[in-house]
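Student: Build the 3D model from these lines:
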Amino acid sequence: MATITQRKNKNGTKVWRAIIRLKGYPTVCDHFDRKQEAQDWANETEWQIKLGRYKFGKEDQKKTLSDLIDRYFSDGVLDHHKSPKDAKRHLEYFRSSLGSYALTYLTPELLLSERKKLQETPTYRGEKRNPATVNRYMSSLSGALCYACRNLRWIDENPCSNHKTKPCSFHGRKTEP
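Tutor: Predicted coordinates:
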């Protein structure tokens with residue numbers, strides 16, 4: 001339940017403090033200028049805590065993509081992968097380009113721009129990557145982000161989940177019955 005009280009600051013202004021105490025969870029509090037804001041925040045936060053979506057500390061915002069990739073490798077998730085060597089190479093590419101980003105700041109727009117950059121940069125042979133290769137890179141990243149979302153609970157939603165794959169050309173081949 002939330003407790004809302006009025007307080008005076010050091011400078012004499014009045015503020016409303018909302019304190020939420022739920023059994024089995026740490027105490028959460030915040031200050032507001034208006035009582036209605038405090039009540040709205042308390043109701044919303046209480047609901048988020050009960051659903052298990054509320055982030056109590058700031059430590060989740062400090063987790064970077066590089067931390068996730070390290071954890072993904074150390075937990076042995078790639079041992080069950082079809083081609084672990086390729087997935088590791090794909091994730092190392094994303095570590096070099098997006099490794100310093102916090103997971104909470106990875107947006108679908110950022111990943112789309114990175115996908116475009118990946119397709120336009122030439123390989124060591126001097127050729128552009130095929131759309132199927134770009135899809136494999138994005139699939140490896142999506143697997144790691146899905147692991148962060150489902151197993152580690154570091155993020156609420158996978159930013160790669162709604163990406164459409166690049167259309168692949170089949171070099172004029174068609175399947176016929």
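Student: Now the lengthiest helix in the chain: average pLDDT?
Tutor: Secondary structure of the chain per DSSP state H: the longest helix is helix 131-150. Across helix 131-150, pLDDT averages out at 92.
Student: Stretch 160-169 too?
Tutor: 72.
Student: ends of stretch 22-34, how far apart?
Tutor: Taking Cα to Cα, to the nearest Å, stretch 22-34 runs 23 Å from one end to the other.
Student: which residues are contacting it?
Tutor: 1, 7, 15-21, 38, 41, 45-46, 49-50, 54, 56 (Cβ atoms under 8 Å, 6 or more residues apart in numbering). No exception for glycine: its C-beta is placed from N, CA and C like everyone else's.
Student: Inside strands: which ones of the residues you listed?
Tutor: Mapping the contacts of stretch 22-34 onto strands (DSSP state E) picks out Arg7, Val15, Trp16, Arg17, Ala18, Ile19, Ile20.
Student: Can you give me the neighbour number for the third one?
Tutor: What it means is Trp16. By other Cβ atoms under 10 Å, the residues close to Trp16 number 20.
Student: out of everything not next to it in sequence, what's closest to it?
Tutor: Using Cβ to Cβ, 6 or more residues apart in numbering and skipping residues adjacent in sequence, the residue nearest Trp16 is Ala38, 4.2 Å away.
Student: State the pLDDT value of that neighbour.
Tutor: Confidence score, pLDDT, at Ala38: 95.
Student: isn't there a strand covering His31?
Tutor: Yes: His31: assigned to a strand according to DSSP: H, G, I helix; E, B strand; the rest coil.
Student: ok, it to Ser96 distance?
Tutor: Remark: distance between His31 and Ser96 (Cβ to Cβ, to the nearest Å) = 42 Å.
Student: Then Ile19?
Tutor: For Ile19, the distance to Ser96 - Cβ to Cβ - is 45 Å.
Student: what about the two, which has more around it?
Tutor: For the pair Ile19 and Ser96, the greater number of neighbours falls to Ile19 (15 against 10), based on other Cβ under 10 Å.
Student: show me what contacts the more buried one?
Tutor: Ala2, Thr3, Ile4, Thr5, Thr27, Val28, Cys29.
Student: quick one: the second one is in a strand?
Tutor: Yes: the secondary structure assignment for Thr3 places it in a strand, going by three-state DSSP.
Student: If anything else comes up later, I'll come back, but that's it for now.
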